[in-house]
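*Asks:* Build me a structure from this.
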Amino acid sequence: MGIRLGCIADDFTGATDLANNLVRAGMRVVQLIDVPPAGAERAVDADAVVIALKSRTVPAADAVEASLRALDRLRSMGAEQVYFKYCSTFDSTPAGNIGPVTEALMDALGTDFTVATPAFPDNGRTVFKGHLFVGDVLLADSGMRHHPLTPMTDSNLVSVLGAQTTRAVGLIHHTVVAEGAEAIRARIDALREDGFGIAIVDAVSNDDLVRLAAAVRGLPLVTAGSGLAIGLPANWGFKPSRAAAQLPPPDGHRAIVSGSVSAATNRQVLEYLRSGRPAFSVDPLRVAAGEDVVGQALAFAAAHLGDGPVLVYSTESADTVRTVQGRLGAAEAGELVERTLARVAQGLVERGVRRLVVAGGETSGAVVQALGLTGLRIGPQIDPGVPWCAAVLPGGETLHITLKSGNFGGPDFFTSAFDLLDEEAV
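*Replies:* The predicted structure follows:
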């Protein structure tokens, strides 16, 4: 029997976020790093597969090409439904990639309609009358308006997505969603009849997402943040089960690598620093000047790994980020930090770290690729949207790793993550 659900995620932390919700709903999930080679499907033993791409901020044509390759592999695995996952803050440039990828997948699957909702109420992302809220504020008034790569200045998702697509984008209003799956299906039929190809769907609660999940059971393609995943497994009869999240017992040193510039991760770094635990700050300007910052970071870490988790971070305020970008250029500054932290992560693993927290989507992608990881088994949830995972290192040892979206997690995440892993192992 093939997999039930095949998922394509546009970054690595988003992939684990999605996989986490599927596991919580009872599915056994494997996350693959980039598109696996032909024949890899024979080694997959799971109910759902999530293919993690690094396509959120690449040119639209490249994102489409990677997504179509992922679709081909998922179809070869027997996927009954395809899920295109993007960020719960609908991160995108005016050119995409959410719209272009959605349309390419629709064309490849031969479907004339799909839904779109980044809602994830557990993390404060809700959609009301087509507008995306982050906590109590509109998306355009949140910290995402300052994002260095994908600043979000429009909260109206109908207009945001409509600017990226050739298909007409409609809305399924919250009053319809509240009536249940049959009402949602009737609205879908009406939108199709009126020539719409995509519908933004309101969702202000998990119950809304469960109702939507039941309504889209027959659609070949759904697009969403990770929130919709809480309801989809029930369409195949899955129920929540601790067994779906079991991982091998952890051991080895603990470390955190943080490259996110989000407000949530800034708070997590500050909370960690207030605790007095060891931390090393990576300055991109010193890296650009040719200093051996990687070597300095690893020497610092080596002196402290035996005492508990060590943090290596390049997490700064929006003003500091703008200053660095002004000196180095936005793209070069980001790539410089990613490369540096990926090399640090390699060195930490070489020094015996086997429990690793990585913060930031782009940083996570760089770290996973640098470590040569090809797949992750998804384990227990730390905070909404963030699970522990287990990966096999090239040498055969197990690495417990969590890839945290910059926007996710409570202030004490960098310590509570390790506490949770130890508790699950008891």
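*Asks:* And the pLDDT at the closest residue to A52 other than its chain neighbours?
*Replies:* Excluding the flanking residues, the one nearest A52 by C-beta to C-beta, 6 or more residues apart in numbering is A15, at 3.5 Å. In this view, the C-beta of every residue, glycine as well, is placed from N, C-alpha and C. With respect to pLDDT, A15 has a value of 89.
*Asks:* same thing with D122?
*Replies:* pLDDT at D122 comes out at 90.
*Asks:* do the same with I33
*Replies:* 88.
*Asks:* my guess is it contacts L371, does it?
*Replies:* No - contact between I33 and L371 fails when scored by C-beta atoms under 8 Å: they sit 9.5 Å apart.
*Asks:* Tell me where the stretch 51-200 of the chain has helices.
*Replies:* In the stretch 51-200 of the chain, the helices defined using DSSP state H, counting those that start in this stretch lie at 60-76, 98-109, 157-162, 174-179, 181-193.
*Asks:* would you list those in a markdown table and tack on mean pLDDT and mean neighbour count?
*Replies:* Listed next are the helices of the stretch 51-200 of the chain as a markdown table, based on pLDDT from 0 to 100; neighbours: other C-beta atoms under 10 Å:
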| stretch | mean pLDDT | mean neighbour count |
| --- | --- | --- |
| helix 60-76 | 96 | 19 |
| helix 98-109 | 98 | 21 |
| helix 157-162 | 96 | 20 |
| helix 174-179 | 98 | 17 |
| helix 181-193 | 98 | 16 |
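*Asks:* Of all those, which one is nearest G308?
*Replies:* G308 sits nearest to helix 60-76 of all these, at 38.5 Å, using C-beta to C-beta.
*Asks:* Tell me how many other residues surround L356.
*Replies:* 23 (other C-beta atoms under 10 Å).
*Asks:* and what of the one 5 residues further on?
*Replies:* Other residues within reach of G361 by the criterion other C-beta under 10 Å amount to 29.
*Asks:* Over to R377?
*Replies:* 22.
*Asks:* gap between D45 and A183?
*Replies:* Computed as C-beta to C-beta, to the nearest Å, the D45 to A183 distance reads 38 Å.
*Asks:* where do the helices sit along the stretch 251-400 of the chain?
*Replies:* 263-274, 284-288, 293-304, 318-328, 330-350, 361-371.
*Asks:* Out of these, which one sits most buried?
*Replies:* Mean neighbour count (mean count of other C-beta atoms under 10 Å) peaks for helix 361-371 among these, with a mean of 25.
*Asks:* Packing partners of it?
*Replies:* Contact here means 3 or more C-beta pairs under 8 Å, 6 or more residues apart in numbering; DSSP states H and E; on that basis helix 361-371 packs against helix 12-24, strand 253-258, helix 330-350, strand 353-359, strand 398-404.
*Asks:* Roughly how far does G385 sit from A15?
*Replies:* G385 is 11 Å from A15, by C-beta to C-beta.
*Asks:* and if you look at I230?
*Replies:* In terms of C-beta to C-beta, I230 sits 16 Å off from A15.
*Asks:* Looking only at neighbour counts, state which of these two leads.
*Replies:* With neighbours defined as other C-beta under 10 Å, I230 and A15 compare such that A15 has more, 31 against 20.
*Asks:* residue ranges with poor pLDDT in the stretch 301-426 of the chain?
*Replies:* Low-confidence segments of the stretch 301-426 of the chain (pLDDT under 70): 315-331, 333, 425-426.
*Asks:* cutoff 90 now
*Replies:* Applying pLDDT under 90 to the stretch 301-426 of the chain flags residues 307-308, 314-338, 360-362, 364-365, 369, 374-375, 384-386, 394-395, 405-408, 422-426.
*Asks:* Check which helices and strands the longest strand along the chain sits against.
*Replies:* Of all the elements of type strand in the chain, the one with the most residues (DSSP state E) is strand 375-383. Applying 3+ C-beta pairs under 8 Å, 6+ apart, we find strand 375-383 packed against helix 12-24, strand 29-33, strand 386-392, strand 398-404, helix 413-425.
*Asks:* Deepest in the core, which of these is it.
*Replies:* By mean count of other C-beta under 10 Å, the helices and strands packed on strand 375-383 have helix 12-24 as the most buried, with a mean of 29.
*Asks:* Distance from the chain centre to that helix, please.
*Replies:* Put simply, helix 12-24 sits 7 Å off its chain's centre (C-alpha atoms, centre = their mean, to the nearest Å).
*Asks:* Same question for stretch 220-239.
*Replies:* In this view, stretch 220-239 has its centroid 16 Å away from the chain centroid, taken as C-alpha atoms, centre = their mean.
*Asks:* Flag every buried residue along it.
*Replies:* 220-235, 238 (16 or more other C-beta atoms under 10 Å).
*Asks:* Rebuild the helices and strands packed on strand 375-383 as TSV, extending it with distance to V261.
*Replies:* Below are these laid out as TSV (distance: least, C-beta to C-beta, whole Å):
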stretch	distance to V261
helix 12-24	14
strand 29-33	23
strand 386-392	18
strand 398-404	13
helix 413-425	16
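*Asks:* I figured the residue nearest to A52 hits S55, correct?
*Replies:* No - using C-beta under 8 Å, A15 makes no contact with S55, being 11.0 Å away.
*Asks:* Pairing partners for the longest strand of the chain, with directions?
*Replies:* The strands beside strand 375-383 in its sheet (DSSP bridges) come out as strand 29-33 (antiparallel), strand 386-392 (antiparallel).
*Asks:* so which of those strands gets nearest L247?
*Replies:* Per C-beta to C-beta, nearest to L247 of the strands paired with strand 375-383: strand 386-392, 4.4 Å.
*Asks:* hmm, who's touching the closest one?
*Replies:* For strand 386-392, the surrounding residues in contact (C-beta atoms under 8 Å, 6 or more residues apart in numbering) are 13, 16-17, 19-20, 23, 31, 245, 247-248, 371, 373, 375-382, 398-405, 408-409, 413, 417, 420-421, 424.
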